[in-house]
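My questions are about this predicted structure, shown below with the sequence.
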Amino acid sequence: MTHLTTRIIREEHAALSAILRSIPMLLASHRRQGTLPDFAALRAMLFYVDEFPEKRHHRKESELLFPKLRARTPLSRDLLDHLDEDHARGGRRIRDLEHALLGFEMVGEPRRQAFEEATERYVNFYHDHMALEEQEVLPLAERVLTGQDWIDLDEAFTANRDPLTGHEAEPDYRALFTRIVNTVPAPIGLGSVSCAASTHS
Ligand SMILES: [Fe+2]
Ligand SMILES: [Fe+2]
């Protein structure tokens, strides 16, 4: 049986992954058309990454899941150190990416490539990070954590669910999520980034 926390982590990874994949697609589409992107929509997407994956998802992993794993097994300590370090540097990385976006918005064309490259580095970094958690950490957790560990984790991980995994957004976040859902393509959203990327070549 897969525990609720494991399912929530995988769902939140899928939502983050969909957002991350949509940004380079959107940028590639605008590059081909020689147009500038909707900067407000891009700012909303990066703000979401900071509010949910950074401040909630990764924090719960580092503060709750990883300490329980360290307490139950000596296995994978180096890997957990590596992932904790990724989490610790995450705030700085998203801030750098937001700054590169601001540069593109303020300066225009001369900063397009720098933002595209910064986005690609960020997306690759997080895909590698999430793949390690899914392939190494979650299977280990399923093997070694106790029933009480899972009760504690399930309680924490069911609070502040990511609205992009199908849960209603808290009132303060509704406008933000409406904007994102209208920009990001299915299955997370209603936007047509992928169509634009494939038809306007
Ligand atoms: Fe993480
Ligand atoms: Fe994660």
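Right, received. Where do you want to start? Ligands and ions are numbered 1, 2, ... in the order given.

pretty sure His30 contacts Leu36?
Yes: with contact defined as Cβ atoms under 8 Å, His30 reaches Leu36; the gap is 6.5 Å. For glycine as for every other residue, the C-beta is placed from the backbone atoms N, C-alpha and C.

higher neighbour count, these two?
With neighbours defined as other Cβ atoms under 10 Å, His30 and Leu36 compare such that His30 has more, 18 against 12.

helix or strand for that one, which one?
helix 4-33 (DSSP states H and E).

That helix - contacts with which helices or strands?
Under the contact criterion of 3 or more Cβ pairs under 8 Å, 6 or more residues apart in numbering; DSSP states H and E, helix 4-33 touches helix 39-49, helix 112-132, helix 138-144, helix 147-158, helix 174-183, helix 193-199.

rerun at 10 Å
helix 39-49, helix 58-60, helix 77-107, helix 112-132, helix 138-144, helix 147-158, helix 174-183, helix 193-199 (3 or more Cβ pairs under 10 Å, 6 or more residues apart in numbering; DSSP states H and E).

coming back round to it: and for His30 and Leu36, which residues touch both?
Arg112 (Cβ atoms under 10 Å, 6 or more residues apart in numbering).

Could you tell me how many residues sit around Asp128?
10.

Can you tell me how far it is from His57?
Per Cβ to Cβ, to the nearest Å, Asp128 is found 16 Å from His57.

Over to Leu164?
Distance from Leu164 to His57, by Cβ to Cβ: 11 Å.

Spit out the residues that contact those two alike.
With Cβ under 10 Å, 6+ apart as the test, Leu164 and His57 both reach Glu12, Ala15, Leu16.

From those, which shows the smallest pLDDT?
Among the shared contacts of Leu164 and His57, Ala15 has the lowest pLDDT, at 88.

list the contacts for the residue nearest to that one when sequence neighbours are not counted?
Take Ala15 and drop its neighbours on the chain: the residue closest to it by Cβ to Cβ, 6 or more residues apart in numbering is Leu164, 3.8 Å away. Leu164 makes contacts with 11-12, 14-16, 18-19, 48, 52-53, 177, 180-181, 184, 188-189, as judged by Cβ under 10 Å, 6+ apart.

I am finished for the moment; much appreciated.
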